[in-house]
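Novice: just to be clear, the model below is a prediction. Sequence and coordinates:
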Amino acid sequence: IKITENPVSINKKQGFFHSMDNNSKLSDFPLDGLLPYTLRSTPMASVQKNEKMWVVTAMLCRYLESFTDGVIVMDGKKPLGVLGGRELLSKLLRNPTPDFFENYEAGQVMTEHINVISPKTTLDELLMMIMRQRIGIAIIPYKDHGYASISARSLLEVAAIAKSDMKVSDMPKKNIITISPDDSIKEVILTMLQYQTRKLVFDDFSTYISDRGIIEKIALGMNYLSNSPEFLNTKANLFNPKLLKKIDGDVKITTLAKIMMGMDVPYVLVNDHIVSPWDILLLLK
């Protein structure tokens with residue numbers, strides 16, 4: 001595992017993202033004004049707190065890297081917490097056996113933090129919640145029952161319609177953490193947790209591995225570890241690496257947001273920048 005150090009550049013411009021109608025900062029607007037048609041368009045998947053982890057894992061194979069990006073853990077009709085790839089993999093490291101999937105319950109694995117918002121929550125308030133808790137999901141109640149989800153990915157729509165001349169070269173540079181195909185999956189998971197990332201790029205910069213790829217391999221390729229006693233020593237390149245999309249040129253952030261909205265997995269290499277929805281979300285602040 002290597003870290004490619006980029007010199008840290010702090011962009012001195014302020015208020016990059018403004019409303020299309022005036023010069024008001026987008027971060028001051030309520031969410032129902034920024035996302036009038038899509039604020040409640042994505043139902044948030046949920047499970048009860050006593051659901052077995054093999055059921056939850058099968059659900060995460062579908063929902064991770066989508067607009068919901070996890071599941072809510074409920075106690076009846078009350079939301080208790082969120083369960084995504086980070087929560088699953090961190091607990092799995094402590095018990096990397098079929099027992100984890102057969103006997104552990106969602107309530108034992110979830111994080112107890114959850115961001116519950118309203119239509120009048122401002123973008124700034126939402127971003128503060130997400131950055132403080134490092135949970136890239138918020139939920140908003142439907143009028144009758146259930147919840148819709150707001151994720152870092154869904155906020156790409158806000159960046160795409162913004163008024164800004166900011167380009168990728170204006171973004172603060174961050175270190176790029178790379179892995180080798182021969183690294184063990186234990187090393188990969190520990191690195192993801194240490195750097196609070198859900199994706200890691202292979203050292204040839206052609207492919208990457210994600211928490212969803214790891215979880216899909218565990219569920220569909222390893223039958224929930226029933227046939228894989230040496231799971232933690234398995235090489236990283238066996239866990240569904242995906243091609244890394246590369247974009248040449250110094251594109252505007254608004255243009256990049258539009259491109260990423262149309263991608264199955266919005267994760268790109270632009271020159272020497274790795275960009276995820278989370279990176280664009282931080283710029284909106």
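Specialist: Thanks, I have the structure now.

Novice: tell me where the model's unsure across the stretch 1-150 of the chain.
Specialist: Applying pLDDT under 70 to the stretch 1-150 of the chain flags residues 5-23.

Novice: all strands of the stretch 151-285 of the chain, in order?
Specialist: 176-179, 199-202, 207-210, 242-243, 245-247, 268-270, 273-275 (DSSP state E, counting those that start in this stretch).

Novice: would you check how far apart P141 and P119 are?
Specialist: 10 Å (CB to CB, to the nearest Å). From N, CA and C alone the C-beta is placed, and that goes for glycine too.

Novice: how about low-confidence regions in the stretch 151-285 of the chain?
Specialist: Short version for the stretch 151-285 of the chain, where the test is pLDDT under 70: none.

Novice: start from the N-terminal end of it and give the helices.
Specialist: 156-160, 185-195, 211-216, 253-261, 277-284 (DSSP state H, counting those that start in this stretch).

Novice: using TSV, please lay out the ones you listed together with distance to R40.
Specialist: Formatted as TSV, those follow (distance: least, CB to CB, whole Å):
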stretch	distance to R40
helix 156-160	14
helix 185-195	31
helix 211-216	25
helix 253-261	18
helix 277-284	19
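
Novice: and these, which is most packed in?
Specialist: helix 211-216 (a mean of 23; mean count of other CB atoms under 10 Å).

Novice: can you pull the alpha-carbon coordinates of that one into PDB?
Specialist: Provided in PDB are the C-alpha atoms of helix 211-216 (Å, rounded to 0.1, in the frame of the first residue of the first chain):
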ATOM      1  CA  ASP A 211     -16.500  -1.900  -0.300                       C
ATOM      2  CA  ARG A 212     -19.300  -3.000  -2.600                       C
ATOM      3  CA  GLY A 213     -16.900  -5.200  -4.600                       C
ATOM      4  CA  ILE A 214     -15.600  -6.800  -1.500                       C
ATOM      5  CA  ILE A 215     -19.100  -7.400  -0.100                       C
ATOM      6  CA  GLU A 216     -20.300  -8.900  -3.400                       C
END
